[in-house]
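[1] no sequence on hand, only this structure:
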């Protein structure tokens with residue numbers, strides 16, 4: 001299905017879907033101050049997806065996962081809802097393992113492209129798509145801890161020249 005075909009099914013359904021996405025974002029923001037139980041229940045699916053992304057990439061890049069927790073625990077003024085512990089984080093695998101949940105954005109894109117080839121276009125199917133996109137996209141964001149792991153000095157030394165080479169390759173004229 002093409003991108004044009006995606007929007008061809010009653011554009012008003014997509015406006016309602018975008019409204020649902022924004023409503024879910026507001027609820028998500030509100031759950032932070034509603035107590036740990038509400039926050040855990042609201043975020044459970046997304047936390048599982050986020051931590052599984054770390055785990056999968058960690059296994060693929062031989063970071064040797066040592067444990068995974070979905071038990072919420074207090075960290076300073078906030079809560080940590082899940083974590084994966086690795087025994088072998090190196091300069092080479094730290095960035096992909098730490099930023100693995102960004103892959104959920106790719107899953108969201110793929111889902112949006114193919115949703116209506118699996119589901120008959122309807123208002124409810126469209127709303128369900130936007131709810132799924134919300135869960136995937138909100139949980140694709142790296143946490144502060146993820147960013148700290150990714151931005152260690154050894155990884156910066158390894159990935160800066162690589163990033164510069166990619167930018168140079170695509171930015172050069174002709």
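    Arrived safely, thanks for sending. This one's a predicted model, so the numbers in the text were calculated from it and none came from an experiment.

[2] which residue, neighbours along the chain excluded, lies closest to the most centrally placed residue in the chain?
    Nearest to the mean C-alpha position of the chain, by CA atoms, centre = their mean, lies residue 140 at 1.2 Å. Setting aside the residues directly before and after it, residue 140 is nearest to residue 104 in space (CB to CB, 6 or more residues apart in numbering), at 3.8 Å. Where you see a C-beta, it was placed from the backbone N, CA and C, and this is true even at glycine.

[3] show me what contacts the residue nearest to residue 27 when sequence neighbours are not counted?
    The shortest distance from residue 27 to any non-neighbouring residue, by CB to CB, 6+ apart, is to residue 42 (7.2 Å). Counting by CB atoms under 8 Å, 6 or more residues apart in numbering, residue 42 makes contact with 27-28, 31.

[4] pull out the buried residues from the lengthiest helix in the chain.
    Longest helix in the chain, counting residues (DSSP state H): helix 36-60. For helix 36-60, burial by neighbour count (16 or more other CB atoms under 10 Å) applies to 39-40, 42-43, 46-47, 49-55, 57-58.

[5] just the residues you listed now: which is nearest residue 114?
    Closest approach between these and residue 114, by CB to CB: residue 49, at 18.0 Å.

[6] all helices for the protein, in order.
    Remark: helices assigned in the chain by DSSP H are 3-8, 11-31, 36-60, 94-98, 103-118, 123-138, 144-150, 153-171.

[7] re earlier: could I get the contacts of residue 42 as CSV with distance to residue 144, pLDDT and neighbour count?
    Output for these, formatted as CSV (distance: CB to CB, whole Å; pLDDT from 0 to 100; neighbours: other CB atoms under 10 Å):
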residue, distance to residue 144, pLDDT, neighbour count
27, 22, 93, 13
28, 17, 92, 16
31, 18, 88, 17
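
[8] can you list those in TSV and add distance to residue 72?
    As requested, the contacts of residue 42 are exported to TSV (distance: CB to CB, whole Å):
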residue	distance to residue 72
27	18
28	16
31	12
